[in-house]
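# below: sequence and its predicted model.
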Amino acid sequence: MQSKAASYGLIWSFVVAETVAESQRWILSAMQKHGQELVTMLWRILGDEQDVCDAYQDTFLKLAHYKGGQKPEHINAYIFRTASNVAVSMLRQRVAEKKRLSTAIVTLKDICSPAGDLDSKYLQETLRCRIAQLPEHLRDVITLRDFAELSYAQISRILGISAATAKVYRCKAMQLLAVWMKKEIQKR
Amino acid sequence: MSTNKCKQITAWLHKAVCGRFCLDTDWIQNHIANCPRCRRRLSAIGKVDLTLSIIKSQPHKLDLLMRANTQAIGVLRHSLRQAPKARKLKTCLPEPNLLERWGKYAHTTANVTACIAILLLMKIGAFSSMDKFQTEGKKIIKQYYASHIGKDLTDDIFPNDMGQFT
């Protein structure tokens, strides 16, 4: 009797799960619509293909489990913000891991370019680390504007701020990054 | 109404401020040339800009979207994984957007449009000149007839164009 009830329970939960899945077709549509932009943004933030795939997977997993499988009101806003946050978390973990292993992000031995501070690998890694350290409101604008290449109007809709505010945030972020980058280069 | 006015005024102000404080303005350029602090600041911001450009210019492998889709679909529910759209996503490659796709034809389109415009102008010019020559010719012939056979007979010969040539 008990085993029968258990099997009915299993069948019921399976049916419920499949029904939810049927109603989640919009996830695939979102993937089709925004996938390319997301991958580009994640690639620019992370610079590593496996990390991009992981962050992308995490983003859609979170989307699928949003409020028990409900569709968010603004899917693109949710996707872009989640992807950006996931990527930045990964970037921070990467930096922390490298620090823990007591190696510099790019050691001086790696830098063999005669162009000195124009060494692109060093600059890219430094900038990525610094962007991860920016306050959230500035970081969101930089990632959406410069990495996802969205317009200020789109950014304002995603972040729920005005386009002018987004422009001011980007300007502030650039100033902060410039100061940090300068210090970093001087340290070298 | 007032919102529109506000927007208009904001746009004007933005234009005016941009015109006055744009980096290319002479007085700003002169100042930068003589101010080491501003130069340092601008060069630091320029470096960030340059690095962002380098990051943006780094290409990823063509199949990255396909791999990312495959990995993401792999963790979704069974019926979503089996959907035809999912199978399509697993094999999709990045496509250039419309602007990029048609961008290469922009130059050709501009050339063709310019040629068509020139042809149209030439055609209009030629037709209007021909019209003018015809009118002038008729006028001269009418004057000739008028001077030789009289105005009444001329009006009989050219009844329709009576007012036109006088």
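Thanks, I have the structure now. Numbering: from 1, shown residues only, chains lettered A, B, ... in the order given.
# now do the same for the nearest residue in space to residue A:152 that is not next to it in sequence: its pLDDT.
Of all residues not flanking residue A:152 in the chain, residue A:163 sits nearest, at 4.1 Å (CB to CB, 6 or more residues apart in numbering or on different chains). Every residue, glycine included, has its C-beta placed from N, CA and C. At residue A:163, the predicted lDDT confidence score is 90.
# neighbours around residue B:109, how many?
The tally of other residues near residue B:109 (other CB atoms under 10 Å in any protein chain shown) stands at 11.
# distance of it relative to residue A:187?
Here residue B:109 is placed at a distance of 52 Å from residue A:187 (CB to CB, to the nearest Å).
# give me the residues contacting stretch A:46-60.
Applying CB atoms under 8 Å, 6 or more residues apart in numbering or on different chains, the external contacts of stretch A:46-60 come out as A:27, A:30-31, A:35, A:38-39, A:42-43, A:79, A:82-83, A:86-87, A:90-91, A:94, A:124-125, A:128, B:55, B:58, B:60-61, B:64, B:67-69, B:71-72, B:74-76.
# how far off centre is it?
With CA atoms, centre = their mean, to the nearest Å as the basis, stretch A:46-60 stands 8 Å off its chain's centre.
# and the longest helix seen in chain B, what does it pack against?
The longest helix of chain B (DSSP state H) is helix B:106-149. Judged by 3 or more CB pairs under 8 Å, 6 or more residues apart in numbering or on different chains; DSSP states H and E, the packing partners of helix B:106-149 are helix B:151-157, helix B:162-165.
# which of these has the lowest average pLDDT?
Mean pLDDT values for those show the minimum at helix B:162-165, a mean of 48.
# and the pLDDT for residue 90?
Looking at chain A here, since you left the chain open. pLDDT, read off for residue A:90, is 93.
# if you could check chain B rather than the one you did, that'd help
pLDDT at residue B:90 comes out at 85.
# cool, the one 10 residues further on as well?
pLDDT for residue B:100: 68.
# for ChimeraX, write a command that selects the buried ones of the contacts of stretch A:46-60.
One line in ChimeraX is enough to select the buried ones among these; burial here means 16 or more other CB atoms under 10 Å in any protein chain shown:
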select /A:27,30,31,35,38,39,42,43,79,82,83,86,87,90,91,94,124,125,128 /B:55,60,64,67,68,69,71,72,76
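# in helices, which of the contacts of stretch A:46-60 fall?
A:27, A:30-31, A:35, A:38-39, A:42-43, A:79, A:82-83, A:86-87, A:90-91, A:94, A:124-125, A:128, B:55, B:64, B:67-69, B:71-72, B:74.
# how is chain A partitioned into domains?
A:1-103, A:106-188 (automatic domain parsing).
# where does chain B dip in pLDDT?
Within chain B, the stretches with pLDDT under 70 are B:1-3, B:97-101, B:160-166.
# got the residues of it near chain A?
B:40-41, B:44-45, B:47-52, B:54-56, B:58, B:60-61, B:64-65, B:67-69, B:71-80, B:83, B:85-86, B:88-89, B:92, B:94-95 (CB under 8 Å from any CB of the partner chain).
# change it to 7 Å
B:44-45, B:47-48, B:51-52, B:54-56, B:60-61, B:64-65, B:67-69, B:71-72, B:75-80, B:83, B:85-86, B:89, B:94 (CB under 7 Å from any CB of the partner chain).
# where does chain A have low pLDDT?
A:1-23, A:102-118, A:188.
# centre-most residue in it?
Central residue of chain A (CA atoms, centre = their mean): residue A:84, 2.3 Å from the mean position.
# so that residue touches residue A:143, yeah?
Yes: Residue A:84 lies in contact with residue A:143 (CB atoms under 7 Å); the separation is 4.6 Å.
# so which residues on chain A come close to chain B?
Residues of chain A found near chain B (CB under 7 Å from any CB) are A:17-18, A:21-22, A:24-25, A:27-28, A:31-32, A:35-36, A:39, A:43-44, A:49, A:52-53, A:56-57, A:60-61, A:64, A:120, A:123-124, A:127, A:146, A:174, A:177-179, A:181-182.
# please repeat the previous calculation with a cut-off of 6 Å.
Residues of chain A found near chain B (CB under 6 Å from any CB of the partner chain) are A:18, A:21-22, A:28, A:31, A:35-36, A:39, A:43-44, A:49, A:53, A:56-57, A:60-61, A:64, A:120, A:123-124, A:127, A:146, A:174, A:177-178, A:181-182.
# pull out the buried members of those residues.
Applying 16+ other CB under 10 Å to the residues of chain A next to chain B, the neighbour count classes A:21, A:28, A:31, A:35-36, A:39, A:43-44, A:49, A:53, A:56-57, A:60-61, A:64, A:123-124, A:127, A:146, A:174, A:177-178, A:181-182 as buried.
# so where do the strands sit in chain A?
With DSSP state E as the criterion, chain A has no strands.
# how many neighbours does residue B:149 have?
By other CB under 10 Å, 12 other residues sit near residue B:149.
# ditto for residue A:159
18.
# now it: how far from residue A:81?
In terms of CB to CB, residue A:159 sits 8 Å off from residue A:81.
# which residues touch residue 158?
Looking at chain A here, since you left the chain open. Residue A:158 makes contact with A:77, A:80 under the criterion CB atoms under 6 Å, 6 or more residues apart in numbering or on different chains.
# look at chain B instead
By CB under 6 Å, 6+ apart, the residues touching residue B:158 are residue B:142.
# phi, psi of it?
phi -110, psi 70 (degrees, to the nearest 10).
# got it, and residue B:36?
phi -60, psi -30.
# residue B:90 too?
Per degrees, to the nearest 10, the backbone of residue B:90 is at phi -70, psi -20.
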